[in-house]
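Visitor: Next come a sequence and a model predicted from it.
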Amino acid sequence: QLVESGGGLVQAGGSLRLSCAASSGAFSTAAVGWFRQAPGKERDFVATISWGGRTTSYAESVKGRFTISRNNAESTAYLQMSSLEPDDTAVYYCAASESIDTGTDPGQYNYWGQGTQVTVSS
């Protein structure tokens, strides 16, 4: 089970840190991905990190502004978001998979959180 937290309302240019807490010890061997879904749109890739944290990948739209990280001892992954823009407004989901190293496709993940809302005002 994955549980996201840290969402909220922030002004453009501000920052938020999302957390994704896992209840399973298998988290430490799973790739983690962050995705987001705006109203009426598909679920889009944001960032992914390998089980050991050595490999990361980002969507072009968030490169240089968002940072994905993880703490396997605490079974938690993070998404640090800075320089937020109104277009970043969406429900953010974390996902995990033990079958991949990293992944940008939602179909590659078999565990999902319930999502946390991020709203960026202009």
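Guide: Looks like it arrived, so ask away. Residues are numbered from 1 along each chain as shown.
Visitor: any idea how far the residue lying closest to P106 once chain neighbours are set aside is from A30?
Guide: In space, and not counting its chain neighbours, P106 is closest to R43: 5.3 Å by CB to CB, 6 or more residues apart in numbering. No exception for glycine: its C-beta is placed from N, CA and C like everyone else's. Counting by CB to CB, to the nearest Å, the gap from R43 to A30 is 19 Å.
Visitor: For those two, indicate the residue with more neighbours.
Guide: A30 (25 against 16; other CB atoms under 10 Å).
Visitor: Measure how buried the closest residue to that one other than its chain neighbours is and give me the count.
Guide: Counting by CB to CB, 6+ apart, A96 is the residue found nearest to A30 once chain neighbours are left out, at 4.2 Å. When neighbours are counted by other CB under 10 Å, A96 registers 24.
Visitor: wait, what's in contact with F27?
Guide: Residues near F27 by CB atoms under 8 Å, 6 or more residues apart in numbering: N72, S75, A96.
Visitor: hmm, try it at 6 Å
Guide: S75 (CB atoms under 6 Å, 6 or more residues apart in numbering).
Visitor: do V3 as well
Guide: With CB under 6 Å, 6+ apart, V3 has these contacts: A21, G113.
Visitor: Provide the partner residues of the residue nearest to P106 in its beta bridges.
Guide: With DSSP bridges as the criterion, R43 is bridged to Q37.
Visitor: circling back: which element is the residue nearest to A30 on?
Guide: Element membership for A96 (DSSP states H and E) is strand 90-97.
Visitor: isn't S69 right up against Y78?
Guide: Yes. Counting by CB atoms under 6 Å, Y78 is a contact partner of S69 at 4.9 Å.
Visitor: and these two? which has more neighbours close in?
Guide: Y78 (19 against 15).
Visitor: Bridged to the more buried one, which residues?
Guide: Counting by DSSP bridges, Y78 forms beta bridges with S19, S69.
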